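Enquirer: structure for the following, please:
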Amino acid sequence: MPADRNKYILAIDLGTSALKAALVTVDGEVAATESVPMNVTLFPGGGAEQDPDEWWRGVVRAAQSLLHRNAGLAGEVVAVSSSAQWSGTVAVDRDGHHLMPAIIWMDSRGEPYIQRITGGPLAIAGYGVTKLWRWVRLTGGAPAHSGKDPLAHILYIQHERPEIYARAYKFLEPKDYLNLRLTGQFAASYDSIALHWVTDNRDISKVVYHEGLLKLAGIEREKLPDLKRATDILGPVRPEVARELGLGNNVPVVVGTPDVHSAAIGAGAVRHFEPQLYIGSSSFLVCHVPYKKTDLFHNMASLPSPIPNRYLLVNEQESAGVCLTFLRDNLFFPQDELASGPRPPNAYQLFDRIAERVPAGSDKVIFTPWLYGERTPVEDRTVRSGFFNQSLQTTRAHLVRAVLEGVAYNSRWLLGCVENFTGRSMNAINMIGGGANSNLWCQIHADVLGRTIRQVKDPVLANARGAGFLAAAALGYLTFDDIPSRLEIANTYEPDPDHHKIYDELFREFVNIYRRNRGIYARLNKG
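Expert: Numbers count the residues shown, from 1 in each chain. Have a look, this model is predicted:
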């Protein structure tokens, strides 16, 4: 079916800090967007939750506003496609009502229960050998010891909230919960279910639950949703929901994919070994690969992709853009008795202007971005953030630039692991996410990584664009191989050799800071 720019996908992108709705043409152009902020509740001991009702209110508010402002296009919407933060858990009853707040990807309260099921008398990297062999052989990976996977969330509920576990009909990923609200159907995709570590992923065309892995995890199969491909049609939008949102009748809902996967598609990284770097609240550096493979020591694996018959190399760094948010809210513009006025709406642009005053390397001030522990390239929930090597000459400008550089150092650390995994150099990297709106941050990444950075146009819309591309491919308007030609690159950044030499030295010390201090972090944050 030829592309028709007069047909649209209603793309929903549920992030941690905001929900976006977008009208995306079936040719991949984002025609209009609407955004609604989201709240996160953090608890001592590693808890992180959000309200699923707030998610849904955000969907309704964003879609209504979007379709009202573009009333002539509502009748041209040919599908709804949702993407959402990955590695979250919503417990719902038979009627689809959530039984407690959603446990999101930041939550580590299930860590002790993961330790119980993964250990053994003969262990490698903390995993019992026979258990590890089974997980890696079947799934491609293994449950993260940090306790931040959905499996850990479910085990936490099972042990700490047994009344909720008993009442739960299904445990759903955030994307799959939105689809339930849209269609009334309980389902997961091959890719969204992967971090439960209970599926056999060896036949990428037909992922199924594995009885032995379910038994090992201690979870009943009936509490998990049926599995479908990301490109399948789940069903039509329920009539009452269509009326509420402002859609026509019988608009199909594509099963869709989580944010890591939709970002790769929206960045044009759909062919094998084409890398994509996402800098949002968190960060990841991913690419498609033609094989199932695991790097247990750096917490990376190739898992089912939403693109049929392909694997996606998956990893995730916990704190990236959130480091700037922390800087804004706690050091520069706090909203407390010391605050000097309202927080400026352009704080991040101000940060860029301030950071440009300082030379590359921030006069050797180093920031470590581990505000909420880390997943990759090291899995360590106790590691923490800090500024190192400050002096009386250190200014606020140094601190801002050091934050930008510290996130890039972590990306470089991960890049080495990704290149070892794939056996090839990533010479040009497509960069997306809110962080890619910063020309300075793109150039810093090019200089730190020593790689060409390609800034995708409208980088903050990559997830929504990816959700739109996925639906367009599912409906036959285009193929996945068509996507790179539909993508526009706004700017290209080449490494500055002089800056790269400076960053080489500082990167080595960045890694040394972790290695020499991880024992201190473990002792301070073991609770």
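
Enquirer: would you map the helices across the stretch 51-200 of the chain?
Expert: In the stretch 51-200 of the chain, the helices defined using DSSP state H, counting those that start in this stretch lie at 52-69, 111-118, 129-139, 150-160, 162-167, 174-183.

Enquirer: and Leu415, how many residues sit next to it?
Expert: 23 (other C-beta atoms under 10 Å). For the C-beta atoms, the positions are set from N, CA and C on the backbone; glycine is no exception.

Enquirer: could you list which residues are in contact with it?
Expert: Leu415 makes contact with Leu285, Met426, Leu449, Arg451, according to C-beta atoms under 8 Å, 6 or more residues apart in numbering.

Enquirer: export those to TSV and tack on distance to Leu227?
Expert: Listed next are those as TSV, based on distance: C-beta to C-beta, whole Å:
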residue	distance to Leu227
Leu285	27
Met426	32
Leu449	37
Arg451	37
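
Enquirer: among those residues, which one has the lowest pLDDT?
Expert: Least confident of the contacts of Leu415 in the model: Met426, at 93.

Enquirer: so that one versus Glu274, what's the distance?
Expert: For Met426, the distance to Glu274 (C-beta to C-beta, to the nearest Å) stands at 9 Å.

Enquirer: most neighbours among the contacts of Leu415, which one is it?
Expert: Leu285 leads the contacts of Leu415 on contacts (other C-beta under 10 Å) with 28 neighbours.

Enquirer: look up phi and psi at Asn427.
Expert: The phi/psi pair for Asn427 (degrees, to the nearest 10) reads phi -80, psi -20.

Enquirer: got it, and Ala142?
Expert: Here Ala142 shows phi and psi, under degrees, to the nearest 10, equal to phi -160, psi 160.

Enquirer: just to revisit the earlier point, buried deepest among the helices of the stretch 51-200 of the chain, which one?
Expert: helix 174-183 (a mean of 26; mean count of other C-beta atoms under 10 Å).

Enquirer: report the inter-axis angle for that one versus helix 52-69.
Expert: 60 degrees (axes from the mean of the first three to the mean of the last three C-alpha atoms, to 10 degrees).

Enquirer: returning to that earlier point: what about the contacts of Leu415, which are in strands?
Expert: In this view, the contacts of Leu415 that belong to strands under DSSP state E are Leu285.

Enquirer: and the contacts of Leu415, which two are the farthest apart?
Expert: Leu285 and Arg451 (10.6 Å; C-beta to C-beta).

Enquirer: which residues do these two both contact?
Expert: By C-beta under 8 Å, 6+ apart, the residues touching both Leu285 and Arg451 are Leu415, Ile429.

Enquirer: show me where the stretch 351-500 of the chain has helices.
Expert: Going by DSSP H, counting those that start in this stretch, the stretch 351-500 of the chain shows helices at 396-422, 439-449, 462-475, 483-486, 497-524.

Enquirer: can you give me the domain assignment for this structure?
Expert: Split into domains by automatic domain parsing, the chain comes to 8-256, 265-527.

Enquirer: if we can go back for a sec, and Leu303, which of the helices of the stretch 351-500 of the chain is closest to it?
Expert: helix 396-422 (12.8 Å).

Enquirer: anything in contact with each of Met426 and Glu274?
Expert: The contact lists of Met426 and Glu274 share Cys287, where a contact means C-beta under 8 Å, 6+ apart.

Enquirer: Pro174: what's it in contact with?
Expert: Here Pro174 is in contact with Leu14, Trp55, Ala84, Gln85, Trp86, Gly88, Val90, Ala102, Ile104, Pro258 (C-beta under 8 Å, 6+ apart).

Enquirer: mind doing that once more with 7 Å?
Expert: Leu14, Ala84, Gln85, Gly88, Val90, Ala102 (C-beta atoms under 7 Å, 6 or more residues apart in numbering).

Enquirer: looking at those, which is nearest Tyr409?
Expert: Among the contacts of Pro174, and counting by C-beta to C-beta, the member closest to Tyr409 is Gln85, at 24.7 Å.

Enquirer: need the contact list for the closest one.
Expert: Leu14, Gly15, Thr16, Ile104, Trp105, Pro174, Asp259.

Enquirer: need phi/psi at it.
Expert: phi -50, psi 140.

Enquirer: neighbours of the residue lying closest to Gly373 once chain neighbours are set aside, just the number please.
Expert: Computed as C-beta to C-beta, 6 or more residues apart in numbering, the closest residue to Gly373 that is not its neighbour in sequence is Arg381, at 3.8 Å. When neighbours are defined as other C-beta under 10 Å, Arg381 has 22 of them.

Enquirer: correct me, but Arg381 touches Asp107?
Expert: No. Counting by C-beta atoms under 7 Å, Arg381 sits too far from Asp107 to count as a contact (10.8 Å).

Enquirer: would you mind finding the most buried of the helices of the stretch 351-500 of the chain?
Expert: It is helix 462-475: most buried of these by mean count of other C-beta under 10 Å, with a mean of 29.

Enquirer: contacts for it, please.
Expert: 9, 11, 13, 20, 22, 24, 26, 28, 30, 33, 78-79, 81-83, 230-231, 233, 254, 256-257, 259, 262-267, 306, 432-433, 456, 478-480, 483.

Enquirer: rerun that using 6 Å as the cut-off
Expert: By C-beta atoms under 6 Å, 6 or more residues apart in numbering, the residues outside helix 462-475 that reach it are 9, 11, 13, 20, 22, 24, 26, 28, 30, 79, 81, 83, 231, 254, 259, 262-263, 265-267, 306, 432, 478, 480, 483.

Enquirer: could you give me the average pLDDT of it?
Expert: pLDDT averaged over helix 462-475 gives 97.

Enquirer: the inter-axis angle of that helix versus helix 174-183?
Expert: Using the same axes, to 10 degrees: helix 462-475 against helix 174-183 is 60 degrees.

Enquirer: output the below-cut-off pLDDT ranges for the stretch 1-150 of the chain.
Expert: 1-5 (pLDDT under 70).

Enquirer: could you rerun that using 90?
Expert: By pLDDT under 90, the weakly predicted segments of the stretch 1-150 of the chain are 1-6, 45, 71-72, 74, 120-126, 145-146.

Enquirer: could I get the full set of strands for it?
Expert: Using DSSP state E, counting those that start in this stretch, the strands found in the stretch 1-150 of the chain span residues 8-14, 18-25, 30-37, 41-43, 47-50, 77-84, 90-92, 102-103, 123-124, 127-128.

Enquirer: circling back to that earlier point, among the contacts of Pro174, who's most crowded?
Expert: Most neighbours among the contacts of Pro174, by other C-beta under 10 Å: Gly88, with 30 neighbours.

Enquirer: sorry, back to before: now render the contacts of Pro174 as CSV, adding distance to Ala62.
Expert: Shown next, in CSV, are the contacts of Pro174 (distance: C-beta to C-beta, whole Å):
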residue, distance to Ala62
Leu14, 10
Ala84, 13
Gln85, 16
Gly88, 19
Val90, 19
Ala102, 18
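
Enquirer: closest to Tyr278 out of those residues?
Expert: Checking those one by one against Tyr278 (C-beta to C-beta), the nearest turns out to be Gln85, at 12.2 Å.

Enquirer: distance check, the closest one against Arg109.
Expert: Per C-beta to C-beta, Gln85 is found 17 Å from Arg109.

Enquirer: over to Ala436?
Expert: Ala436 is 32 Å from Arg109, where distance means C-beta to C-beta.
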